[in-house]
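# got a predicted structure here, sequence first:
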Amino acid sequence: MKKLRNTEQRKIILEELKKVNTHPTADEVYEMVKKRLPRISIGTVYRNLELLSKCGLIQKLELGCSQMRFDWNTNNHYHIRCIRCGKVEDVPVETMSRFEKILEGKSDYEIIGHRLEFIGLCPKCKKELKDLKEEKQKEFRKEECSGLQEKINRRFR
Ligand SMILES: [Zn+2]
Ligand SMILES: [Zn+2]
């Protein structure tokens, strides 16, 4: 009976994860799953996410950010992370498996894969920073202008 419940929980966790492309953290998955399973604990969600990733049904992303994220897409693909807000998205570039082949000839390791993470500013943060910069520049210009005006006033007093 308990086993059935666990399977059901796991199914729902997987279903919820598949609804989003945001690569959520365990906490975020918990918030999503809680809507359907109000009594589920964060520990259960975490354990199931670990299990699902061990079974290869989902992908655990260990990116440069502190929190682990989860991806329902298990195909090898690259991600880009916003260094300002932490958002993680897929990038539309093909994976470069030829690098693995190149390394195979140069290393005694058996290469099983590679990870590549792009970092940058997401469009939202880019715009916000641009606005902020413009705001600062405007302020600066205003200050500069008023300073100049003062100088002129002093001179021609
Ligand atoms: Zn951002
Ligand atoms: Zn992804």
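Nice, I can see it. Ligands and ions are numbered 1, 2, ... in the order given.
# spatially, what comes nearest to R115 if we skip its sequence neighbours?
Closest residue in space to R115, ignoring its immediate chain neighbours: E62 at 8.0 Å, by Cβ to Cβ, 6 or more residues apart in numbering. Quick note: C-beta positions are derived from backbone N, CA and C, even for glycine.
# for that neighbour, give me the pLDDT.
Listed pLDDT for E62 reads 83.
# list phi and psi for it.
Dihedral pair for E62: phi -110, psi 90, per degrees, to the nearest 10.
# my read: it touches D71, true?
No. The criterion here is Cβ atoms under 8 Å, and E62 misses it with D71 at 11.2 Å.
# in terms of neighbours, single out the busier of these two.
Neighbour count, other Cβ atoms under 10 Å: between E62 and D71, D71 has more, with 21 against 10.
# which ones are touching the closest residue to that one other than its chain neighbours?
Excluding the flanking residues, the one nearest D71 by Cβ to Cβ, 6+ apart is Q59, at 4.3 Å. Residues in contact with Q59, defined by Cβ atoms under 8 Å, 6 or more residues apart in numbering, are S53, F70, D71, W72, N73, T74.
# the last one against L57, yeah?
Yep, that's T74 we're talking about. Yes. T74 is within contact range of L57, at 7.1 Å (criterion: Cβ under 8 Å).
# got the residues of this structure near ligand 1?
C82, R84, C85, K87, C122, C125 (Cβ under 5 Å from the ion).
# among those residues, name the ones in helices.
C125 (DSSP state H).
# mark which of the residues of the chain next to ligand 1 are buried, thanks.
C82, K87, C122, C125 (16 or more other Cβ atoms under 10 Å).
# which among those gets closest to ligand 2?
Using Cβ to the ion, K87 is the member of these that sits closest to ligand 2, with 11.9 Å.
# quick one, phi/psi of the closest one?
Phi and psi for K87, reported as degrees, to the nearest 10, are phi -60, psi 140.
# contacts for stretch 40-48 next, please.
If you take Cβ under 8 Å, 6+ apart as the criterion, stretch 40-48 is touched by N6, Q9, R10, I13, A26, D27, V29, Y30, V33, K34.
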